[in-house]
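Undergrad: Structure for the following, please:
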Amino acid sequence: MRNRPARSRYHQRRRRLVPLGAALAVASTLVVSGAASAEPDASATDPSLDLSASVVDLGVAASERNVRTGAAGVLPDGTPVSYAISDGNPVSFNVINMDTGELISSFELPPKTVGSYPAIAPDGTVYFGVRDGKSTLVHRYDPATDELEFLIESPTGDAVTRSLVVGENGLIYGSTYPRAKAFTYNPETGEVVDFGSVTTDDKYAWGLEESDGIMYLGTGIGAGHVMTVDTATGEIAEIPLPQEADDVLRYFYKFRQVGDLIAMGFSPGISGGTNTLFWDTVNEEWTCEGAIPRFLDLNGPFTQATPDGRMYYMSEDEIWSFDSADCAVEPTGWNAADLDNDTRVIDMVMIGEGDSATPLLVGINNDGSTWRFDPATGEHGAFDSNVPGAPLTAHTVTNGPDDRVYVSTYLGPGTIGRFDPVTEEITELNGPGQASSLIGFGEQLVIGSYPNAVVHMGDPAQPWDWGTNPAQMFRLIGDDQDRIVAMDTDDEIIVFGTVSDYGFRGGSLTVTDMDGTTDVYRDLVEHQSVTSVAFGEDGLIYAGTGVRGGLSSPNSPLDAHLVIFDPDSRQLLYAEVPVPDNDTVAGLAVRGDTLWGVTNTGLVFSFDTTTRTVTSTTDLGTGQSPSPWGLASAIQAHPSDGLLYGIAGQSIFAFDPATQDFQFLTEAEFKRITITGSGDIYGIDATNLYRIDIEANAPECTTTIDGTHHGPLTVTDGVTCIADGTIDGPTTVNEGASLIAHGATLLGPVHSTSASWIELTESSISGGVSIVGSTRSTTISGSEVNGRLACSENSPAPTNLGVPNTVSGPQTGQCRDL
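TA: Residues are numbered from 1 along each chain as shown. Sure, this is the predicted structure:
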């Protein structure tokens, strides 16, 4: 068996990405009074957060087999095989012997992560594409030599080469997204013929077949057309649909030629009826109306056809045969064979020679295990998976109510990674194929998954069993909602921000008590989705919108809005553009009466919730994020250090709301973050979970005392450091100044008001200590205080660095437990 090992991306568990005092960004800030929106100022200020970040790699969040596409074929020696493509980092192409279950070959194909359905040529050669969000790489596998060859990248320039078929003439016929193009590719000469977009109102050309030089394409997701391309002339035409289907469908997703017919799967299906149409390529008419009477079960529902014009399909947990000669369907008895029905791929190959050849059905399950079934005899068998697993694509990261961190995966096999910060171990849990957002609600964990905007809730302290705990509570697809991209709670209700289903514009704000009352409010701003939500301290719901609705729907012509919604009266109170020329308000965070937001263009704005005006904007300088609905841009409030943290341009940044200074802390590789109640920051990249440890760097000393200072000491500005020195009198630190005392003897009380940095370590103070309103750091550690210790209004809160102090008097306020 051939296997190419994955390459390690990181070689050290801990990496310091930002050295002391380095990597400060440049901010531009404008304060605006009495205006509903603000333009970024071109003037710059010099940020001075002076933080350092250590990034701790906690490992791959989840790793699993994830077969979602595949096909069946026959080797030159007559051995039946399945071709299983397992999505992951990287995607892999696997060849499995269907007589023995043996893994013949496995090819890893970095850097791509997702595979398409393979197309089998008449001579058995296999063609398929692998992709990410940037491009598609088309490969060819030769079963005679067991060799894999890269052919071409994105033949038409579209990011996604959606479907491929191979003609009798050896040409490859293809379709694309997002320009719904049709093309041919000659693998021998490399020539590409681009026929252009086949429609203007759909982005997907998904369903695809070719017959006698005519390409048949099914488009979506929105209008849904059947288009033809005459490859000899380039002429593009549309086949009018039967009215009953045309009234309901929005897209076609799989075509298969069987005899002279082309079977076409579409969605949504006709209520109570079918989601398959048949086109007669000879008589050029629709035929076999309702022949497949129930909905199809798979995205790739039709097998290859037999020489006499039969194919097989899965519906209602049974495999059926369809005969193109008379449109008849019959069950095969597969559901009585006790075979695994977690099937993602079914296909058929002919075993034997000439007229004696018989069909063999092949199935591939999500985990790469396989089965075979002879529809003539009922003989069947199953094989365990030998497909190698790979790191799954991490999608979201959230801290749960149990103080553990949850990482969902993108288009995965149903896996959630859970990190325990006590043991530093990651456990893989069963879950949805893709969770878009999670939140703690009391002791419960609420999970919103795609597709169909399904909401589950469960107690993470109890045994985990997806479907039972967490259990499904409701779904929002009935309101045409497909993705829950934002959540927040005030501990009594939860608010969701959602994006509509494919082809539907806009989105919704959903308010629920998770106990039977769920209200959906569509299009608070016309044709805009709700991409961020936050409860203000006034109890109102603040939400950011995005111009993009469901995929393949037209964008809103308006800029992104900030809206205010009253959960008591259920009234929309406010809807304005906070920052012009932005298409998504991607994240929101609350600090007192100020709401902070970030757009997917890297603009941070502040909004006074009492006057309902934008008061400042800061340009982080990252430019536009390519992530739909702003998912790669975020801002969150830290619970103790007074700062905001977020992601822009794939880098984690810190932002001081008092000064609008900011600093980028990491390299450009992160896509989501979460901050726990204890202040720990976690982030994910494509596959791994990280903890980002933040340290504020002590300022440089401007005055140093290492002897004895006689009399009172007043620090009016700068940074005064006392290194094993003595102050014979009271010490006072004024606004903006800093005091750092280590091993010092202070023969008098210490008073500080609105200082920048206060640090008293391993020191002795003969008198009370009062520290009020420090703005950068307050540390009292391993010291002896002969008097009262009182702290208040310091942000971040004071710390003892884990080393308690000895205090003879009362301890109050923020220093109560130091």
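
Undergrad: isn't residue 396 right up against residue 405?
TA: No - in this structure, residue 396 is not within contact of residue 405 by Cβ atoms under 8 Å, at 10.8 Å. In short, each C-beta sits where N, CA and C put it, glycine included.

Undergrad: Need the residues touching each of these two.
TA: Contact criterion Cβ atoms under 8 Å, 6 or more residues apart in numbering; no residue bridges residue 396 and residue 405 by contacting each.

Undergrad: Spell out for me which residue occupies the centre of this structure.
TA: Nearest to the geometric centre of the chain sits residue 395, at 3.2 Å (Cα atoms, centre = their mean).

Undergrad: Would you confirm that that one belongs to a strand?
TA: Yes - judged by DSSP: H, G, I helix; E, B strand; the rest coil, residue 395 forms part of a strand.

Undergrad: mind listing what it touches?
TA: 407, 408, 409, 410, 434, 435, 436, 672.

Undergrad: gap between it and residue 407?
TA: 8 Å (Cβ to Cβ, to the nearest Å).

Undergrad: repeat for residue 454
TA: Relative to residue 407, and taking Cβ to Cβ, residue 454 is found at 19 Å.

Undergrad: So for those two, which residue has more residues nearby?
TA: Neighbour count, other Cβ atoms under 10 Å: between residue 454 and residue 407, residue 407 has more, with 30 against 20.

Undergrad: who's the more buried one bridged to?
TA: As for beta bridges, residue 407 partners with residue 397, residue 417 under DSSP bridges.

Undergrad: ok so, going back, common neighbours of residue 395 and residue 407, please.
TA: By Cβ under 8 Å, 6+ apart, no residue touches both residue 395 and residue 407.

Undergrad: residue ranges for the strands of the stretch 1-150 of the chain, please.
TA: 2-3, 14-18, 29-31, 51-60, 63-64, 67-74, 80-86, 92-97, 103-108, 114-115, 119-120, 126-131, 136-142, 147-153 (DSSP state E, counting those that start in this stretch).

Undergrad: nearest to residue 756, of the ones you listed?
TA: Residue 756 lies closest, by Cβ to Cβ, to one member of the strands of the stretch 1-150 of the chain: strand 51-60, at 14.1 Å.

Undergrad: Can you give the strand pairings for that closest one, parallel or anti for each?
TA: strand 14-18 (antiparallel), strand 688-696 (antiparallel).

Undergrad: Flag whichever of those strands has the least confidence on average.
TA: Lowest mean pLDDT of these: strand 14-18, a mean of 32.

Undergrad: how long is stretch 490-504 from one end to the other?
TA: Using Cα to Cα, to the nearest Å, the end-to-end distance of stretch 490-504 comes to 30 Å.

Undergrad: what bridges to the residue with the largest distance to the centre of the chain?
TA: In the chain, the greatest distance from the average C-alpha position (Cα atoms, centre = their mean) is reached by residue 710, at 61.7 Å. Beta-bridge partners for residue 710, by DSSP bridges, are residue 728.

Undergrad: same deal with the one 10 residues further on?
TA: The bridge-partner assignment for residue 720, based on DSSP bridges, gives residue 703, residue 739.

Undergrad: Lowest-scoring secondary structure element of the protein by mean pLDDT?
TA: strand 29-31 (a mean of 26; mean pLDDT, DSSP states H and E).

Undergrad: next one: stretch 763-781 to chain centre, how far?
TA: 43 Å (Cα atoms, centre = their mean, to the nearest Å).

Undergrad: avg pLDDT for that stretch?
TA: 94.

Undergrad: Can you give me the end-to-end span of that stretch?
TA: Termini of stretch 763-781 sit 8 Å apart (Cα to Cα).

Undergrad: Renumber starting at 302 from here on
TA: Fine by me, first position is 302 from now on; the one you just mentioned is stretch 1064-1082.

Undergrad: in that stretch, what counts as buried?
TA: 1064-1073, 1075-1082 (16 or more other Cβ atoms under 10 Å).

Undergrad: Paired strands for the strand or helix carrying residue 519, with orientation please.
TA: In this structure, residue 519 sits in strand 515-521 according to DSSP states H and E. According to DSSP bridges, strand 515-521 forms sheet pairs with strand 505-512 (antiparallel), strand 527-531 (antiparallel).

Undergrad: On the three-state scheme, residue 930 is what?
TA: Residue 930 falls in the helix class when you classify it by three-state DSSP.

Undergrad: separation between it and residue 846?
TA: Counting by Cβ to Cβ - residue 930 and residue 846 are separated by 10 Å.

Undergrad: Now the common contact residues for those two.
TA: 830, 832, 885.

Undergrad: any chance you could map the helices in this structure?
TA: 544-547 (DSSP state H).

Undergrad: if I pick residue 1034, what's in contact with it?
TA: 1015, 1016, 1040, 1051, 1052, 1053, 1054, 1056, 1059.

Undergrad: same thing with residue 419?
TA: 370, 371, 372, 384, 386, 427, 428, 429, 442, 465.

Undergrad: Return the set of residues that bridge with residue 511.
TA: Bridge pairing for residue 511 - DSSP bridges - gives residue 516.

Undergrad: who's in contact with it?
TA: 466, 468, 474, 517, 532, 558.

Undergrad: How about residue 850?
TA: 800, 801, 805, 806, 807, 808, 828, 829, 830, 856, 857.

Undergrad: wait, the third one sits on residue 851?
TA: Yes - at 4.6 Å, residue 805 counts as touching residue 851 under the criterion of Cβ under 8 Å.

Undergrad: Which neighbours do the two have in common?
TA: Here residue 805 and residue 851 share the contacting residues residue 781, scored by Cβ under 8 Å, 6+ apart.

Undergrad: Need the distance between the two termini of stretch 545-556.
TA: 19 Å.

Undergrad: Other residues contacting that stretch?
TA: Residues outside stretch 545-556 that contact it (Cβ under 8 Å, 6+ apart): 503, 505, 507-510, 517, 519-525, 527, 541-542, 563-572, 574, 576, 578, 600-603, 803-804, 853.
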